[in-house]
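Engineer: Fold the following and give me the result.
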Amino acid sequence: MAINSSRTASMKSRFSILTLAFAISLPIFALFRVMLLLRHYADIDEPAYKVVIALFLGVIHDVAFLSYLLIPFALYLLLAPNRFYRSRVNKAIIYLLFFACLYGLYFDMVAEWLFWSEFGVRFNFISVDYLIYTHEVINNIIESYPLTGLLSAIFVAAVLTFALSRKKLHARLMVEDRFASRAKMALALLVLPLVSYAAIDQSLHEISRNRFINEIATNGPYQFFAAFRNNEIDYRHFYALDDDRLLSRQIRALVGIDGGDKGASGLYDVNRHISRSGDEKRLNVVLITVESLSANFLAHFGNEEKLTPFLDQWLDDGLLFTNFYATGTRTTRGLEALTLSVPPTPGRSIVKRPDNANMFSLGRVFQQKGYETVFLYGGRGYFDNMNAFFSGNGYRIVDQTELSDEEVHFENAWGVADDDLLRRALKEADREFAANKPFLFHIMTTSNHRPYTYPEGKIDIPSGTGRSGGVKYTDYALKEFIAAAKDKPWFDDTVFVLVADHCAGSARKAALPVEKYHIPLFIYAPKHVKPGKITTLSSQIDVAPTLLGLLNFSYDSHFFGKDILQMPAKQGRALIGNYQKLGLLKNNKLTYLAPQQQVFVIDDPLNKNELLSPENEQELVQENMAYYQAADYIWTHRLNRYQ
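Structural biologist: Now for the predicted structure:
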């Protein structure tokens with residue numbers, strides 16, 4: 001057949017296969033975007049033109065993603081000789097690839113919908129983490145969703161779409177193009193991803209204070225690969241900066257150091273000695289970090305569902321901090337703040353970063369006092385790099401792999417049941433007591449996590465039916481643990497600290513929804529701590545100095561946090577953030593920094609949520625910069641390390 005001799009061939013280029021792929025993908029992406037828009041219609045408080053802009057930017061991100069995806073296909077279409085291109089072998093290859101792309105497209109839509117249901121965002125850093133920790137994630141998906149039905153539905157959708165497009169695809173497989181013509185077309189197509197790379201950055205979709213608008217303006221797969229590439233953020237490149245000497249003096253004053261400036265050689269040197277008079281209380285410490293325990297699950301904070309009957313009584317017997325906030329929205333952020341007492345720097349948590357050993361930490365203080373420090377985790381500690389972080393900072397590790405078959409009565413994708421973990425903690429405490437060794441245990445639970453499965457017969461909510469069951473089962477496990485601990489000889493000389501790692505969800509229209517960072521902090525030691533309520537505004541970075549203050553320890557400190565019990569109420573503040581936005585909550589105002597040197601100030605973030613001019617709030621803005629610019633400098637210059 002002569003080149004371009006047939007009517008079909010004369011009308012088509014083989015590259016029109018990619019046009020067909022675009023014609024299918026773009027409407028599906030757009031439909032998904034409209035579904036998200038309808039899902040959160042009540043939360044969209046922006047004018048209609050902002051929605052139109054978001055939808056337009058969404059198409060731009062869709063095209064950008066597809067332009068990257070087409071690179072290998074464009075090269076294949078360029079290089080395949082005409083004879084091979086028209087062969088049965090190539091036809092089979094193209095059909096298979098086309099169907100695989102259709103299946104991948106629908107799979108992505110379902111995955112994004114489920115991810116959005118859990119986190120309220122398109123794919124981000126969390127989805128990258130999930131790709132890495134396949135064991136936990138795959139098992140969690142199997143246990144949480146009707147996987148067979150979903151995969152079958154995706155397959156049927158892909159088959160139907162393929163059947164409807166097969167004739168058009170076949171026509172494009174009958175084309176013959178000269179190499180020169182193919183080269184021109186391929187060159188034109190390969191310019192598109194270059195333009196996308198140069199013109200589109202992570203800030204393009206940030207057009208509104210309404211987070212749902214911003215999420216609608218982007219593309220899930222595009223965000224996934226952007227997060228994979230940018231899982232750490234260069235603070236000094238992306239964030240608004242102030243003079244280092246000025247902020248160094250300010251952060252030293254904020255952490256309670258007199259004397260101010262130490263000169264350029266001592267920038268951001270927050271090292272100081274905390275001196276206490278009187279005898280130290282060498283009490284054991286059991287720090288229990290509960291997965292996703294939002295304050296609003298508890299009756300003390302207004303819940304009427306009776307999900308935590310034990311906690312609702314227990315919290316009256318100790319010291320409850322009612323105005324307390326998580327620093328982030330992920331477990332590793334909570335562990336970072338509780339252990340290191342540092343603000344949440346942008347990108348991933350220090351727990352997950354390389355070179356995070358020998359850091360000044362809560363464990364380091366106890367180790368210098370002769371304590372045995374142990375990290376106990378219900379799951380496998382390689383997840384989120386927890387074992388590497390804690391062992392690198394002097395903790396002994398007890399995770400799921402350390403428990404014998406006899407100790408495990410129930411497990412799911414994320415780990416053993418909370419009561420199994422807490423029973424092992426009792427054994428560890430007995431062993432340390434028998435060895436006459438004081439101990440610090442940092443326990444991280446897992447049961448209050450999708451798929452919310454736990455042993456049957458423990459509570460009145462069936463296993464696997466939702467978050468309420470997860471919360472109530474954890475409450476049950478804590479009741480059993482405290483009841484057993486009261487019969488132990490070490491109980492009277494032990495301080496129990498209960499805190500959440502983060503809230504159960506962070507999906508709200510605000511960039512930093514303050515209410516979704518509110519968690520409980522509770523300290524219980526009947527012989528040593530009087531019951532009461534503390535209303536001072538504070539956050540997880542304050543737990544370590546507060547606990548050490550209760551024990552009357554003198555120690556060298558690199559902590560950013562302060563002893564809440566010694567903090568004047570007017571100095572109360574909380575540091576909250578996500579992967580990019582870095583917030584300071586103080587005086588009923590939320591100040592936060594964002595990439596592209598952006599600064600925002602929100603008045604009354606829990607109610608009015610009114611945007612203010614940063615120029616009129618320079619004192620708060622500068623205090624925010626002092627915390628985060630100092631934290632970045634100290635991390636990058638390795639200032640809080642020990643030999």
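Engineer: what number of residues lie near I28?
Structural biologist: Other residues near I28 number 17, with proximity taken as other Cβ atoms under 10 Å. In short, each C-beta sits where N, CA and C put it, glycine included.
Engineer: what about stretch 526-543, how long is it end to end?
Structural biologist: 19 Å (Cα to Cα, to the nearest Å).
Engineer: ditto for stretch 560-568
Structural biologist: End-to-end distance for stretch 560-568, by Cα to Cα: 16 Å.
Engineer: What are the buried residues along that stretch?
Structural biologist: For stretch 560-568, burial by neighbour count (16 or more other Cβ atoms under 10 Å) applies to 560-565, 567.
Engineer: before we move on, what about stretch 402-417?
Structural biologist: The neighbour-count check on stretch 402-417 (16+ other Cβ under 10 Å) flags 403, 410-417 as buried.
Engineer: Which one of the residues you listed is nearest to L311?
Structural biologist: Nearest to L311 among the buried residues of stretch 402-417, counting by Cβ to Cβ, is A417 at 17.7 Å.
Engineer: So the closest one sits against Y452, correct?
Structural biologist: No - with contact defined as Cβ atoms under 8 Å, A417 does not reach Y452; the gap is 11.6 Å.
Engineer: what's the burial count for the nearest residue to S275 once chain neighbours are set aside?
Structural biologist: Spatially, and ignoring its direct neighbours in sequence, S275 is nearest to S554 (5.0 Å; Cβ to Cβ, 6 or more residues apart in numbering). By other Cβ under 10 Å, the residues close to S554 number 15.
Engineer: What distance do you get for S554 to S277?
Structural biologist: 9 Å (Cβ to Cβ, to the nearest Å).
Engineer: With W314 instead?
Structural biologist: Distance from W314 to S277, by Cβ to Cβ: 32 Å.
Engineer: more crowded one of those two?
Structural biologist: W314 (19 against 6).
Engineer: In contact with the more buried one, which residues?
Structural biologist: 478-479, 482, 522, 524 (Cβ atoms under 8 Å, 6 or more residues apart in numbering).
Engineer: I'd like to know which of those is nearest to Q596.
Structural biologist: F522 (39.6 Å).
Engineer: and stretch 412-432, how far out from the chain's middle?
Structural biologist: 25 Å (Cα atoms, centre = their mean, to the nearest Å).
Engineer: again with stretch 374-382
Structural biologist: 18 Å.
Engineer: P489 against F433, yeah?
Structural biologist: Yes - using Cβ under 8 Å, P489 is in contact with F433, at 6.4 Å.
Engineer: The two: which is more packed in?
Structural biologist: For the pair P489 and F433, the greater number of neighbours falls to F433 (18 against 10), based on other Cβ under 10 Å.
Engineer: List the residues that contact the more buried one.
Structural biologist: 284, 488-490.
Engineer: So which of those sit within strands?
Structural biologist: N284 (DSSP state E).
Engineer: and the contacts of F433, which two are the farthest apart?
Structural biologist: Top of the distance list for the contacts of F433 (Cβ to Cβ): N284 and P489, 11.1 Å.
Engineer: Any chance you could list what contacts stretch 461-478?
Structural biologist: Contacts of stretch 461-478 (Cβ under 8 Å, 6+ apart): 143, 288, 290-293, 297, 305, 307-311, 314, 417-419, 422, 445, 447-456, 458-460, 498, 504.
Engineer: Just those: which are in strands?
Structural biologist: Per DSSP E, the subset of the contacts of stretch 461-478 in strands is 288, 290, 498.
Engineer: got a list of what the last one touches?
Structural biologist: Same thing as L498. L498 sits next to 288, 290, 311, 478, 520-524 when contact means Cβ under 8 Å, 6+ apart.
Engineer: Please name the bridge partners of it.
Structural biologist: I288, F522 (DSSP bridges).
Engineer: Quick check: next helix or strand after the helix-or-strand element of the chain with minimal mean pLDDT?
Structural biologist: Least confident helix or strand of the chain, by mean pLDDT, DSSP states H and E, is helix 7-11 with a mean of 42. Toward the C-terminus, helix 7-11 is succeeded by helix 16-39 as the next helix or strand (DSSP states H and E).
Engineer: That next one - what's its average pLDDT?
Structural biologist: Here helix 16-39 scores 92 as its mean pLDDT.
Engineer: what's the following helix or strand after it?
Structural biologist: Counting by DSSP H and E, what follows helix 16-39 is helix 48-79.
Engineer: Touching, A157 and Y106? I think so.
Structural biologist: Yes - assessed by Cβ under 8 Å, A157 is found in contact with Y106 at 4.8 Å.
Engineer: which residues of the protein score low on pLDDT?
Structural biologist: Residues of the chain meeting the criterion pLDDT under 70: 1-12, 124-137, 140, 202-203, 227-232, 259-265, 506-509.
Engineer: Can you give me the domain assignment for it?
Structural biologist: In terms of domains, the chain is parsed into 7-229, 271-571 (source: automatic domain parsing).
Engineer: Would you mind finding the most buried of those?
Structural biologist: For these, the largest average neighbour count (mean count of other Cβ atoms under 10 Å) is found in domain 271-571, namely a mean of 20.
Engineer: quick one on the thing from earlier: using a markdown table, lay out the domains of the chain together with distance to V599.
Structural biologist: Formatted as a markdown table, the domains of the chain follow (distance: least, Cβ to Cβ, whole Å):
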| stretch | distance to V599 |
| --- | --- |
| domain 7-229 | 13 |
| domain 271-571 | 12 |
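Engineer: For F481, which three-state class applies?
Structural biologist: helix (DSSP: H, G, I helix; E, B strand; the rest coil).
Engineer: Look up how far A434 lies from it.
Structural biologist: Taking Cβ to Cβ, one finds F481 at 19 Å from A434.
Engineer: likewise G334?
Structural biologist: For G334, the distance to A434 - Cβ to Cβ - is 31 Å.
Engineer: Would you agree F433 falls within a helix?
Structural biologist: Yes - under three-state DSSP, F433 falls within a helix.
Engineer: so where do the helices sit in the stretch 151-300 of the chain?
Structural biologist: With DSSP state H, counting those that start in this stretch, the ranges of helices along the stretch 151-300 of the chain come out as 179-199, 211-216, 220-229, 235-238, 244-254.
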